[in-house]
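1. Let me see the structure of the following:
(one chain, ligands or ions: 1)
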Amino acid sequence: MKIPETNFPRVVVVGGGFAGINIVKKLANKPVQVILIDKRNYHTFQPLLYQVSSAGLEADAIAYPLRKFIKRYKNSFFRLAEVHRVVSEENRIETSIGDITYDYLVLALGTKTNYFGNETIQKFGMPMKTVPQALNIRSLILQNFEKAAIEDDLEEVKALLSFVIVGGGPTGVELAGAIAELKNQILPRDYRDLNSDLMEIHLLEGSDRVLPPMSQNASKKAEKFLKRLGVQVHCNTFVKNYDGVKVTTNTDLKLESETLIWAAGVTCRTVEGLRDECYTERNNRLKVNEYNQVLGYDNIFALGDIASMESKDYPKGHPQVAQPAIQQGSLLGKNLLKLMAGKSMKKFKYIDKGSMATIGRNKAVVDLKPYKFGGFFAWFIWMFVHLMALVGFRNRVITFFNWVYNYINFDKASRLIIRPFKKLN
Ligand SMILES: Cc1cc2nc3c(=O)[nH]c(=O)nc-3n(C[C@H](O)[C@H](O)[C@H](O)COP(=O)(O)OP(=O)(O)OC[C@H]3O[C@@H](n4cnc5c(N)ncnc54)[C@H](O)[C@@H]3O)c2cc1C
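-> Here you go, the predicted structure:
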């Protein structure tokens, strides 16, 4: 890997997501050698992936090059590689570009889409966990519009203009709202030859309300906002099958759609070599103690989405959202320096800063203890928080100007089919 030898302890961080970049920041220019490894050369700001999918933002507004991030830190190195295996007896990991030894290993691999074993949904459904997947969705939506514009068969036009989003959590809700804006703002102007009334957006949620992790108040408001935008919300509805066109569910609802977007679940990314008992049965998270140490290992740590730190307040581990990853990454950076100095580490305590979701222009819901509200002010807060959370000044500026432009012009600026998506048959 061409990493220079040093006398400093070596910390290998796998994953340049929220957790990974925050631990690297804390170890920056300290007497340690830090090696950040990721299979992509950029950090992805996943909360805004839906805007890439729905043509609101270009991908480079939400992705940040990891080499650019790391260049400020003289003690840190980046390697583009996929980590395959941990050989803990030898303090070594095996990667796609060779092996590397570590004194401390930090795993922050995040999650991948979970289809719960349904192979047809996996084959025909569209996941939205990565930038390429978001771009696939954008291409497919725009390709469907193009096909519908020249199609004579009305049933086929309807299927092309029908969008089914599975999963009524924040991702599904935000995406449904954004696709509804395409229907309301873009279709009538760009596709004058298409009857935009034929376009349908269906949001399917298995529980009895959308946004199940948020308050009842937020769920009610979000559903109201979605319906106002023209989204058809189906609660208590599970998808049983999807053959590329026909969607069957546990209810009477049967839909025909050329596009099913799967936002219904995640499971953890794993690496080989760790003992089986380290993983939770439910969703493959790595069991960690309050210092993020993986069960049974002194010098292997797990952070963020893949870490399950069970406590009285969080018996199933922390929610798989950005804040636990950010907070755990920062604390572990400080704790590793303490550990190396022979001092005792500080226990992790999650500070819940609340949750929010936006549902199109001027509308959002926010749960901030003790305040719960929705509407324009919530939308403003949502925008501010997301802008500030984006990595990199340039990305913030691009995103801000895009949003202002889109807001003033009722537009979506990125309606390009750069890399056509080839749907399976
Ligand atoms: C569509 C979507 C919307 C979301 N919206 C919100 C939101 O609004 N608010 C919120 O708080 N949270 C949201 N989340 C969740 C949030 O993004 C995650 O909780 C957060 O990214 C977790 O951070 P992490 O560092 O644990 O993992 P990630 O950010 O997922 O980073 C993991 C990194 O590990 C790398 N990696 C994985 N496997 C390997 C390997 N074998 N070798 C090398 N590198 C590897 C990946 O390339 C990735 O860069 C959303 C998630 C998604 C998918």
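
2. can you give me the helices in the stretch 101-250 of the chain?
-> Secondary structure of the stretch 101-250 of the chain by DSSP state H, counting those that start in this stretch: the helices cover 119-124, 131-150, 154-160, 170-181, 187-190, 216-229.

3. Spell out which parts of the stretch 1-150 of the chain neighbour the ligand.
-> Applying Cβ under 6 Å from any ligand atom, we find that the stretch 1-150 of the chain lies next to the ligand at 14-20, 37-40, 46-47, 49, 82-83, 108-110, 128-129. All C-beta atoms are positioned from the backbone trio N, CA, C, and that covers glycine.

4. Let's see which of those residues end up in helices.
-> With DSSP state H as the criterion, helices contain F18, A19, G20, L49 from among these.

5. Would you list the buried entries among those residues?
-> Buried residues within those, counting neighbours by 16 or more other Cβ atoms under 10 Å: F18, A19, G20, L49.

6. Excluding residues flanking it in the chain, which one is nearest the first one?
-> Leaving aside its chain neighbours, F18 sits nearest to A325 (4.0 Å; criterion: Cβ to Cβ, 6 or more residues apart in numbering).

7. count of neighbours near the one you found?
-> For A325, the number of neighbouring residues by other Cβ atoms under 10 Å comes to 26.

8. Same check on G317?
-> For G317, the neighbour count with other Cβ under 10 Å is 21.

9. what does the stretch 151-300 of the chain put close to the ligand?
-> Those residues of the stretch 151-300 of the chain that sit near the ligand, judged by Cβ under 6 Å from any ligand atom, are P170, T171, R269, V271.

10. would TSV of those with pLDDT be doable?
-> Output for those, formatted as TSV (pLDDT from 0 to 100):
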residue	pLDDT
P170	95
T171	95
R269	93
V271	92
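
11. next one: phi and psi at the closest residue to S96 other than its chain neighbours?
-> Spatial nearest neighbour of S96, chain neighbours left out: E82 (4.4 Å); criterion: Cβ to Cβ, 6+ apart. With angles defined as degrees, to the nearest 10, E82 sits at phi -100, psi 130.

12. Next: the one 5 residues further on.
-> For V87, the backbone dihedrals are phi -110, psi 90 (criterion: degrees, to the nearest 10).

13. Report the contact partners of it.
-> Each residue near V87 by Cβ atoms under 8 Å, 6 or more residues apart in numbering is listed here: I93, E94, G273.

14. 6 Å - rerun?
-> For V87, the residues meeting the contact criterion (Cβ atoms under 6 Å, 6 or more residues apart in numbering) are G273.

15. Could you measure from it over to the ligand?
-> To the ligand, V87 is 15 Å away according to Cβ to the nearest ligand atom, to the nearest Å.

16. beta partners of that residue?
-> Note on V87: beta-bridge partners by DSSP bridges are R92.

17. mind checking pLDDT for it?
-> If you check V87, the pLDDT there is 98.

18. same thing with the one 10 residues further on?
-> At I97, the model reports a pLDDT of 97.

19. and if you look at Y405?
-> pLDDT for Y405: 89.

20. Show me what counts as buried in the helix or strand where it lies.
-> Counting by DSSP states H and E, the element that carries Y405 is helix 393-409. Applying a neighbour-count criterion of 16+ other Cβ under 10 Å, one finds N395, R396, I398, T399, N402, W403, N406 buried in helix 393-409.

21. Contacts only, for the residue nearest to I186 when sequence neighbours are not counted.
-> Residue nearest to I186 in three dimensions, not counting chain neighbours: K412, with 5.7 Å by Cβ to Cβ, 6+ apart. Neighbour list for K412: A55, G56, I186 [criterion: Cβ under 6 Å, 6+ apart].

22. So the second one belongs to a helix, correct?
-> No - the secondary structure assignment for G56 gives coil rather than a helix, going by DSSP: H, G, I helix; E, B strand; the rest coil.

23. what sits against it?
-> With Cβ under 6 Å, 6+ apart as the criterion, the residues that contact G56 are K412.

24. Which residue is the nearest non-sequential neighbour of D190?
-> R415 (7.3 Å).
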